[in-house]
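> no FASTA, just this:
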């Protein structure tokens, strides 16, 4: 927690973020839900995908790139398969709603999925998971942005698709497992931050435009641009590439809006799936197996230089509890940018706690 | 195709494999379906997961480790979620049947999944995909073996779970995309083959029992054993680790049979999911997006040292067409072992074509 600004109470940050969005034309529920997830992301330590995004959201709304009112449009509705047009509505609100809807359907049919075209950006995928796992549901969220290309297919050197994140919440007999990974070695957010700071990644995860390996994230914004390598890199990058194609197909193929449109903009095609273990072999058997596995992971002897084996989401849940108790630390610069934006809207920034 | 034995016609290999299984007590349909998938695996170039497995299957059947007659037991049946107990029946037959069943359900509900406990080994996941993609369906198959542990969780050094393969068939407007990857850097089959030949992998993908990086697959069978690294290795192995936990939860958690039983044996917990694009944004829109993406991948300029960017499954489909025309090449040693087994059962081995 070094190198961060003072801490703020989570509720003060939520109220502040909500006020900023209300003043920018967001409807109340959309502002509140978006504020909650962005602050949750900061509380979980995902500081590129929390309040860091809010100024960009508000600016994109002001420019007309985000729809601020009304509901999603139902494109198709089958028992276990729903398709929505997100109409560029706030993606965090759309995704939160999709998780609720899929949970209700999964209770009836055992499993249910929602594909969403033209959502706006959906921020941090991990923040959507606890709501489902707390109800004993397994949830998977996939996302891609058909307007953006920063990752090249394995063997290639021209950026073609997005990092394509995949998150999965898995209930256990204790804390849930909260997987949040992507099909590329690193993300656009992390690459942008490092490039802005003139820093390099601690290992080579990029190709320059000619296809040479580098640790310099600046190649992503170069002209012509380089690319982020798929998971597996030069040695077994067919694995990240395969995963990305699955995620592109589920998000853009099923929702019916993707790269073929060659559209300009900022947004997301999203796929949300909820699975009810009670409809399969039973929640008790499920939690027995995932709980056993979670303990076996934690008890695994660490290799040299590692203090302990952790579960995906373990650190995020620990940080969230700490932030609830001691306040939310924000990455340097975030509150400054928010304060500037707030002044222009006549809103008082929160005081540190 | 160097370093291989003479080629055999696919039908001669299927008939031979079927005869071997019939003589070992398999029922006709189970023998025929298993033979078809094993030969398909060899035709697609997956020579560790084709006829290479047949002697082990037949021997395991003879020892009572495989159930040879009867049907799966339905544990639970909800509209989009089915659970089977595979009763240690031939896993290839069980999985093939699960794909058919899930396709039929997906047509009604939009998407359907089947979790299977106590299947026997399911061989090569990629061979199950074309049946679904040919009907315009997206299909995902996940598998793990709760009896076997060769991969350590990220940061750990004690083997805890299996490579945990994941396959996904994606229809396009041309050839399907046939993803077949795993959550570990390499597989048990490849590691065993290299170790038996005294060879090393071309990059370090293992930890020895003390947790030191190595390229020597012999550590897997050492005492105490080393482990295969998760996808991402020492640098970002949390990605393969997260993927593995998802696959363990879907296969063992949902089916209700997993590692907590600490059972001895050989088999699989399996998860099959079929998604009907027609129930979401429509098959035309789906194929337009996946077809556009497939072409954009193939047309991507290759990086230095790569001749062309290929799609997952492209090489397998090319090999399959070639094997149909010119016969199936078998990896050295496979036909020798099958011929020995056939002699003991009074069955004539096939002649090369």
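Ah, there it is. The model shown is predicted, which means the values in this text are computed figures rather than measured ones.
> I'd like the average pLDDT over stretch A:103-119.
On average, the pLDDT along stretch A:103-119 is 98.
> ditto for stretch A:7-19
If you average the pLDDT values across stretch A:7-19, you get 97.
> run through who's touching it.
Contacts with stretch A:7-19, where a contact means Cβ atoms under 8 Å, 6 or more residues apart in numbering or on different chains, come from A:31-32, A:34-36, A:38-39, A:42-43, A:51, A:54, A:323-324, A:326-330, A:335, A:338, A:342, A:347, A:349-353. C-beta here means a position set from N, CA and C on the backbone, and glycine is covered the same way.
> what sits against the closest residue to residue A:89 other than its chain neighbours?
Spatial nearest neighbour of residue A:89, excluding adjacent residues (Cβ to Cβ, 6 or more residues apart in numbering or on different chains): residue A:67 at 4.9 Å. Residues near residue A:67 by Cβ under 8 Å, 6+ apart: A:87, A:88, A:89, A:120.
> state the pLDDT value of residue A:67.
pLDDT at residue A:67 comes out at 97.
> helix, strand or coil: sort out it for me.
Following DSSP: H, G, I helix; E, B strand; the rest coil, we place residue A:67 in the coil state.
> which stretches in the stretch 251-353 of chain A count as strands?
With DSSP state E, counting those that start in this stretch as the criterion, the stretch 251-353 of chain A has strands at A:268-275, A:328-329.
> and for residue A:70, the neighbour number?
10 (other Cβ atoms under 10 Å in any protein chain shown).
> can you tell me the SS state at it?
coil.
> relative to chain B, how far out is it?
20 Å (Cβ to the nearest Cβ, to the nearest Å).
> please apply the same query to residue A:110.
Counting by Cβ to the nearest Cβ - residue A:110 and chain B are separated by 2 Å.
> isn't that residue right up against residue B:81?
Yes. At 2.5 Å, residue A:110 counts as touching residue B:81 under the criterion of Cβ atoms under 8 Å.
> now do the shared contacts for the two.
In terms of Cβ under 8 Å, 6+ apart, residue A:110 and residue B:81 are both contacted by the residues A:275, A:276, A:279, A:280, B:113.
> about what we covered before: who wins for proximity to residue B:191 among the strands of the stretch 251-353 of chain A?
In terms of Cβ to Cβ, the element of the strands of the stretch 251-353 of chain A nearest to residue B:191 is strand A:268-275, at 31.6 Å.
> output the contacting helices and strands for the closest one.
Judged by 3 or more Cβ pairs under 8 Å, 6 or more residues apart in numbering or on different chains; DSSP states H and E, strand A:268-275 is in contact with helix A:91-109, strand A:111-119, strand A:138-144, helix A:254-255.
> wait, what's in contact with residue A:237?
With Cβ under 8 Å, 6+ apart, residue A:237 has these contacts: A:154, A:155, A:229, A:230, A:231.
> for the second one, what are its contacts?
For residue A:155, the residues meeting the contact criterion (Cβ under 8 Å, 6+ apart) are A:237, B:300, B:302, B:303, B:306, B:308, B:309, B:310.
> 10 Å instead?
A:211, A:230, A:234, A:237-238, A:241, B:297, B:300-303, B:305-310 (Cβ atoms under 10 Å, 6 or more residues apart in numbering or on different chains).
> re earlier: export the helices and strands packed on strand A:268-275 as CSV, with columns for distance to residue B:104 and mean neighbour count.
CSV is the format used below for the helices and strands packed on strand A:268-275 (distance: least, Cβ to Cβ, whole Å; neighbours: other Cβ atoms under 10 Å in any protein chain shown):
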stretch, distance to residue B:104, mean neighbour count
helix A:91-109, 15, 22
strand A:111-119, 16, 28
strand A:138-144, 23, 26
helix A:254-255, 19, 32
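> what about residue A:305, distance to chain B?
Relative to chain B, and taking Cβ to the nearest Cβ, residue A:305 is found at 9 Å.
> again, but for residue A:197
The spacing between residue A:197 and chain B, counted by Cβ to the nearest Cβ, is 20 Å.
> contacts only, for that residue.
Contacts of residue A:197 (Cβ under 10 Å, 6+ apart): residue A:217.
> for it, give me the pLDDT.
So, for residue A:197, pLDDT stands at 93.
> repeat for residue A:3
So residue A:3 comes in at 50 (pLDDT).
> excluding its backbone neighbours, what's nearest residue A:308?
residue A:302 (5.7 Å).
> roughly how far apart are residue A:67 and chain B?
From residue A:67 to chain B the distance is 19 Å (Cβ to the nearest Cβ).
> please disregard the earlier target; I meant residue A:255.
Distance from residue A:255 to chain B, by Cβ to the nearest Cβ: 5 Å.
> now do the end-to-end distance for stretch A:164-178.
Using Cα to Cα, to the nearest Å, the end-to-end distance of stretch A:164-178 comes out at 17 Å.
> pLDDT on that stretch, on average?
On average, stretch A:164-178 scores 98.
> so it, near chain B or not?
Yes. Residues of stretch A:164-178 contacting chain B under Cβ under 10 Å from any Cβ of the partner chain: A:166, A:167, A:168, A:169, A:170, A:171, A:172, A:177, A:178.
> quick check: residues of the stretch 1-150 of chain A near chain B?
Selection of the stretch 1-150 of chain A residues close to chain B by Cβ under 10 Å from any Cβ yields A:75-85, A:105-117, A:138, A:140, A:146, A:149.
> farthest residue from the center of chain A?
Residue farthest from the centre of chain A, counting by Cα atoms, centre = their mean, is residue A:304 at 31.4 Å.
> quick one: residues contacting residue A:343.
By Cβ under 10 Å, 6+ apart, residue A:343 lies in contact with residue A:349.
> should've said residue A:22
A:28, A:30, A:31, A:32, A:35, A:345, A:347.
> which residue, other than its chain neighbours, is closest to the first one?
Once flanking residues are discounted, residue A:28 sits nearest to residue A:22: 6.8 Å by Cβ to Cβ, 6+ apart.
> can you name the next helix or strand after the helix or strand encompassing that neighbour?
Under the criterion of DSSP states H and E, residue A:22 resides in helix A:10-23. As assigned by DSSP H and E, the chain's next helix or strand after helix A:10-23 is helix A:28-43.
> hmm, back to that, filter the contacts of stretch A:7-19 down to the buried ones.
Buried members of those, counted by 16 or more other Cβ atoms under 10 Å in any protein chain shown: A:31-32, A:34-36, A:38-39, A:42-43, A:51, A:54, A:323, A:327-330, A:335, A:338, A:342, A:347, A:349-350.
> now do the same contact list for the residue nearest to the residue farthest from the centre of chain A when sequence neighbours are not counted.
The shortest distance from residue A:304 to any non-neighbouring residue, by Cβ to Cβ, 6+ apart, is to residue B:211 (5.4 Å). Counting by Cβ under 10 Å, 6+ apart, residue B:211 touches A:301-306, B:152, B:155-158, B:226-227, B:234.
> which residues does the residue nearest to residue A:99 when sequence neighbours are not counted contact?
Leaving out its chain neighbours, the residue that sits closest to residue A:99 by Cβ to Cβ, 6+ apart is residue A:128, at 5.3 Å. By Cβ under 10 Å, 6+ apart, the residues touching residue A:128 are A:37, A:40, A:92, A:95-96, A:98-99, A:122, A:139, A:141, A:167, A:169, A:178, A:180, A:272.
> how close does the closest residue to residue A:14 other than its chain neighbours sit to chain B?
With Cβ to Cβ, 6+ apart as the criterion, residue A:14 has its nearest non-adjacent residue at 4.6 Å, and that residue is residue A:35. According to Cβ to the nearest Cβ, residue A:35 and chain B sit 27 Å apart.
> which one of the contacts of residue A:237 is nearest to residue B:253?
Among the contacts of residue A:237, and counting by Cβ to Cβ, the member closest to residue B:253 is residue A:231, at 23.6 Å.
> check contacts around that closest one.
Counting by Cβ under 10 Å, 6+ apart, residue A:231 touches A:151, A:154, A:163-164, A:181-186, A:205, A:237-244, B:181, B:231-232, B:236, B:239-240, B:243.
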